[in-house]
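Undergrad: sequence first, then the predicted structure:
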Amino acid sequence: MTVTPTQAQKILTGNSTFSQLGFSMLLTRLKRVYSKDPSHASLQKCTAEINTFLKKYAPIMAPDFAIISKL
């Protein structure tokens with residue numbers, strides 16, 4: 001369960017709604033970071049943080065990962 005930089009960019013610039021509160025809170029912070037610095041390095045950092053979260057909470061993230069997969 002990993003997110004590509006392309007998927008991360010779509011998540012960070014889109015309006016998808018996710019069911020897990022912790023993931024939504026992470027994305028709120030990362031969207032703010034990415035909007036201030038939309039560089040490739042910033043995108044890579046955000047992608048890594050998303051993937052770390054997804055890996056750590058994989059058992060409860062299945063419904064949200066289904067949304068991400070469609071991006």
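TA: Nice, thanks for sending it over.

Undergrad: list the contacts for residue 29?
TA: Listed by Cβ atoms under 8 Å, 6 or more residues apart in numbering, residue 29 has no contact partners. Using the backbone N, CA and C atoms, a C-beta is placed for each residue, glycine as well.

Undergrad: what distance do you get for it to residue 66?
TA: Between residue 29 and residue 66 the computed distance is 23 Å (Cβ to Cβ, to the nearest Å).

Undergrad: following the helix or strand hosting residue 29 in sequence, what is the next regular element?
TA: Using DSSP states H and E, the element containing residue 29 is helix 21-36. Heading C-terminal from helix 21-36, the first helix or strand you meet, by DSSP H and E, is helix 40-56.

Undergrad: who's in contact with that next one?
TA: 1-5, 8-9, 11-12, 22-23, 26-27, 30, 33-34, 61, 65.

Undergrad: buried only: go through those for me.
TA: For these, a burial check counting by 16 or more other Cβ atoms under 10 Å picks out 3, 8, 9, 11, 12, 23, 26, 27, 30, 34, 61, 65.

Undergrad: let me know the pLDDT of the residue at minimal distance from the centre of the chain.
TA: Geometric centre of the chain, nearest residue: residue 50, 4.5 Å, by Cα atoms, centre = their mean. Looking at residue 50, its pLDDT is 96.

Undergrad: now do it against residue 59, distance only.
TA: Residue 50 is 17 Å from residue 59, by Cβ to Cβ.

Undergrad: repeat that for residue 39.
TA: 33 Å.

Undergrad: for these two, indicate the residue with more neighbours.
TA: residue 39 (9 against 6; other Cβ atoms under 10 Å).

Undergrad: for that one, give me phi and psi.
TA: phi -70, psi 170 (degrees, to the nearest 10).

Undergrad: any idea how far it is from residue 12?
TA: 12 Å.

Undergrad: before we move on, what about residue 62?
TA: 21 Å.

Undergrad: what of residue 65?
TA: From residue 65 to residue 12 the distance is 16 Å (Cβ to Cβ).

Undergrad: could you report the distance from residue 38 to residue 1?
TA: For residue 38, the distance to residue 1 - Cβ to Cβ - is 25 Å.
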